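Novice: The following block contains a protein sequence and its predicted model.
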Amino acid sequence: MTRALSALFVRELRVAFRIGGGGVMGLVFFLMLVTVVPFAIGPDLNLLSRIGPAILWIAAALATLLGLDRLFQGDVEDGSMDLILMGEAPLELVVVVKAFAHWLLTGLPLVVAAPVFGLLLALSPEALGGVAVSLLVGTPALTLIGTIGAALTASLRRGGLVLSILVLPLMVPVLIFGVSAANAAVGGTIPFMTPVLILCGLSLFSLVLAAFGAAAAIRAGTA
Amino acid sequence: MRLVAADLACTRSGRPIFSGMTFSVAAGEAMVLTGRNGAGKSSLLLLLAGLLEPAGGRIALEPDDGERTVPEQSHYLGHRDALKQGLTPRETLAFWQGLLGAPRAGIEDALERMGLGHAVDLPCAYLSAGQRRRLAIARLLTSWRPLWLLDEPTSALDAASQELFDTIVEEHLSAGGLVVAATHMPLGFRTNHRLVVGESR
């Protein structure tokens, strides 16, 4: 079973970097949002650095949504999902492996890029660190929540919009604690670790929820 | 080993397709499903592959080893070839062999056998329909499954490839495998059973 899942993991990474794969799409979208905001807000550095963490988090949430609709859709369309369903590897773990590969390709680059992009928003060094840490523990939750939506819309053509509408409200708690963690790094009344630990909890909770929820959605969709 | 289906019924979106389907196929035997379009040949294969829930009846591979379900002991070759445009045939087969387990033929050998030796490292996007089909068939060679479920297996294949496919099925049957195939076209391998789906209507 381990071999089956590692074969799947390798294949996911390969597909993402080949024709039609959306490896860097999220990152480019993230950069676009972050570069446009200072032009819209104007040259008020204090304002920018105050809302910077929120901008980065909104950009991360939207960038996560961008490639998610293809997570299961491709496999359902080309018939690969039928064969995966017939195999011995449990669908719950297949979902987790696919979500993990997707996060490595879309979530992790955002975490790495956020401190650099944060410079465009005049963030202080503490805030840059805070945003990076909060994204590191928070983006898995975003991806995993989105995984459930991706599984529900896997057999829909143009399911991307439905996916966003389904998933965005569920991402709100992650967004709230993500931004509050980033703000707590700069100062304020709450200690930094409180929202970070809540984010960790949200990520772990959505891991379990996504594994069973997405697997059930795929089974219901194909049967 | 024996594939047994008893009193099988199939309903899709509330519409009854067939019911009371009973048959058995022994090791080394092949069964061909015929019938008009929409009679339920593909649905029957999907039931056997576990991709549709039967509305009634039972499917079993006897003797039951208590561990693996019927789908886990089956290869399903459907209308869609389950290929990724960006991957090469070598990567595709390595993935399927890893995922399905029970390795049998080597990847290079299987591709060579299917006449894809020159295209091992070419992305699947550049393969023709017949080549894609042959790559899908190569999957049957790289992992061992006793039961082969074939849905119009020879579509898009030229005469030489059809002959090759018949030989491969014959070899599988000689090795004690079971085959259930749905087709309109006459198949070249020996068939022991013929089931006309949707005859009663």
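Specialist: Good, I have the coordinates.
Novice: Which of the three states applies to the spatially closest residue to B:Gly40 that is not a sequence neighbour?
Specialist: Distances taken as Cβ to Cβ, 6 or more residues apart in numbering or on different chains place B:Ile17 nearest to B:Gly40, at 4.1 Å, with adjacent residues excluded. From N, CA and C alone the C-beta is placed, and that goes for glycine too. Look at B:Ile17: counting by DSSP: H, G, I helix; E, B strand; the rest coil, its state is strand.
Novice: In this structure B:Ile17 contacts B:Ser42, no?
Specialist: No: look at B:Ile17 against B:Ser42 with Cβ atoms under 8 Å: they stay out of range, at 9.9 Å.
Novice: So which of these two has more stuff around it?
Specialist: For B:Ile17 versus B:Ser42, neighbours defined as other Cβ atoms under 10 Å in any protein chain shown are more numerous around B:Ile17 (23 against 19).
Novice: Could you give the number of residues near residue 187?
Specialist: Here I'm looking at chain A. Neighbours around A:Gly187, by other Cβ under 10 Å: 10.
Novice: other chain: chain B
Specialist: B:Leu187: 18 neighbours (other Cβ under 10 Å).
Novice: again with A:Ile58
Specialist: Neighbour tally, A:Ile58, other Cβ under 10 Å: 17.
Novice: quick one: it and B:Ser24, what's the gap?
Specialist: Going from A:Ile58 to B:Ser24 by Cβ to Cβ, to the nearest Å gives 61 Å.
Novice: same question, B:Gln131
Specialist: Separation of B:Gln131 from B:Ser24 (Cβ to Cβ): 36 Å.
Novice: more crowded one of the two?
Specialist: B:Gln131 (22 against 14).
Novice: Contact residues of chain A facing chain B?
Specialist: A:3-4, A:6-8, A:10-11, A:14-15, A:17-21, A:74, A:77-80, A:82-89, A:222-223 (Cβ under 8 Å from any Cβ of the partner chain).
Novice: Only whichever of the residues you listed are buried, select them in ChimeraX.
Specialist: Listed next is the ChimeraX selection for buried residues among the residues of chain A next to chain B, using 16 or more other Cβ atoms under 10 Å in any protein chain shown:
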select /A:4,7,8,11,14,15,18,21,74,78,79,80,82,83,84,85,86,87,88,89
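Novice: Out of the residues of chain A next to chain B, which sit inside helices?
Specialist: A:3-4, A:6-8, A:10-11, A:14-15, A:17, A:74, A:77-78, A:80, A:82-86, A:222 (DSSP state H).
Novice: what's the helix or strand for B:Tyr76?
Specialist: Counting by DSSP states H and E, the element that carries B:Tyr76 is strand B:74-77.
Novice: Next, the buried residues of the helix or strand of chain B with the lowest mean pLDDT.
Specialist: Least confident helix or strand of chain B, by mean pLDDT, DSSP states H and E, is strand B:193-196 with a mean of 85. For strand B:193-196, the neighbour count (16+ other Cβ under 10 Å) marks B:Leu195 as buried.
Novice: which secondary structure elements does it contact?
Specialist: Counting contacts by 3 or more Cβ pairs under 8 Å, 6 or more residues apart in numbering or on different chains; DSSP states H and E, strand B:193-196 packs against strand B:15-26, strand B:30-34.
Novice: Averaged pLDDT, the longest one. What do you get?
Specialist: Taken as a whole, strand B:15-26 has an average pLDDT of 89.
Novice: Tell me which strands it pairs with, and in which orientation.
Specialist: Counting by DSSP bridges, the strands paired with strand B:15-26 are strand B:2-12 (antiparallel).
Novice: How about the last one?
Specialist: Each strand paired with strand B:30-34, and its direction, by DSSP bridges: strand B:178-182 (parallel), strand B:193-196 (parallel).
Novice: could you check the angle strand B:15-26 makes with the next helix-or-strand element following it?
Specialist: Note on strand B:30-34: by DSSP H and E, the next helix or strand toward the C-terminus is helix B:41-48. Between helix B:41-48 and strand B:15-26, the angle comes out at 70 degrees (axes from the mean of the first three to the mean of the last three Cα atoms, to 10 degrees).
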